[in-house]
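**Q** Next comes the sequence, and after it the predicted model I'd like to discuss.
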Amino acid sequence: MRMKNKDKIIFPDLSYKIIGSTFEVFNELGWGLSEKDYQKALMKEFERRKIKFKREVYIPLQYKNINIGRYYADFIIGYVHVKQLFGYLKSAGVKLGILLYFTKEGIKYRRVLNPDINICDI
């Protein structure tokens with residue numbers, strides 16, 4: 001049996017809320033601000049929509065159980081990491097991430113899946 005596209009999306013409700021939040025911020029502020037300004041506005045929008053999140057979370061980068069670096073995710077929302085996604089997904093063992101860009105043409109986004117995590121394991 002073939003799955004419909006909407007059935008293939010993991011965490012669809014949360015994904016739509018996150019992406020909708022970014023469009024709301026962009027529609028209000030427009031393009032050209034600093035990354036920190038968008039982060040502050042997005043934090044307020046997440047709070048307004050009652051989306052639980054953590055900010056600037058440390059994620060260690062390891063090689064054979066040896067710490068060789070670090071990442072800081074701008075936002076962690078449930079199982080979703082935003083920014084520098086693929087490295088975060090692999091380092092944190094997370095299945096889904098959404099990469100967001102504020103551009104002069106509007107919001108651009110890409111959902112990224114970590115192939116190393118099986119959806120049945122979540």
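**A** Here it is on my side, so go on. Note that the structure is a prediction, hence the values are computed from the model and not measured.
**Q** In which helix or strand does V112 reside?
**A** strand 106-113 (DSSP states H and E).
**Q** Mind listing what's buried along that strand?
**A** Neighbour counts over strand 106-113 (16 or more other CB atoms under 10 Å) mark I107, R111, V112 as buried. The C-beta positions use only the backbone N, C-alpha and C, and glycine is treated the same way.
**Q** Now the residue lying closest to I68 once chain neighbours are set aside: phi and psi?
**A** Of all residues not flanking I68 in the chain, L61 sits nearest, at 5.6 Å (CB to CB, 6 or more residues apart in numbering). Note on L61: its backbone torsions stand at phi -110, psi 120 [degrees, to the nearest 10].
**Q** If L61 is in a bridge, with which residues?
**A** G69 (DSSP bridges).
**Q** Would you check how far apart it and N27 are?
**A** 35 Å (CB to CB, to the nearest Å).
**Q** Which one's more surrounded, the two?
**A** Just comparing L61 and N27: by other CB atoms under 10 Å the higher neighbour count belongs to L61, 15 against 10.
**Q** Now do E56, the pLDDT please.
**A** E56 carries a pLDDT value of 84.
**Q** longest helix in this structure, by residue count?
**A** Counting residues, the longest helix found in the chain (DSSP state H) is helix 12-29.
**Q** other SSEs contacting that helix?
**A** Secondary-structure packing of helix 12-29 (3 or more CB pairs under 8 Å, 6 or more residues apart in numbering; DSSP states H and E): helix 35-48, strand 80-82, strand 96-103, strand 106-113.
**Q** now these in a markdown table, with distance to K54 and mean pLDDT?
**A** A markdown table is the format used below for the helices and strands packed on helix 12-29 (distance: least, CB to CB, whole Å; pLDDT from 0 to 100):
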| stretch | distance to K54 | mean pLDDT |
| --- | --- | --- |
| helix 35-48 | 10 | 93 |
| strand 80-82 | 10 | 44 |
| strand 96-103 | 14 | 74 |
| strand 106-113 | 19 | 76 |
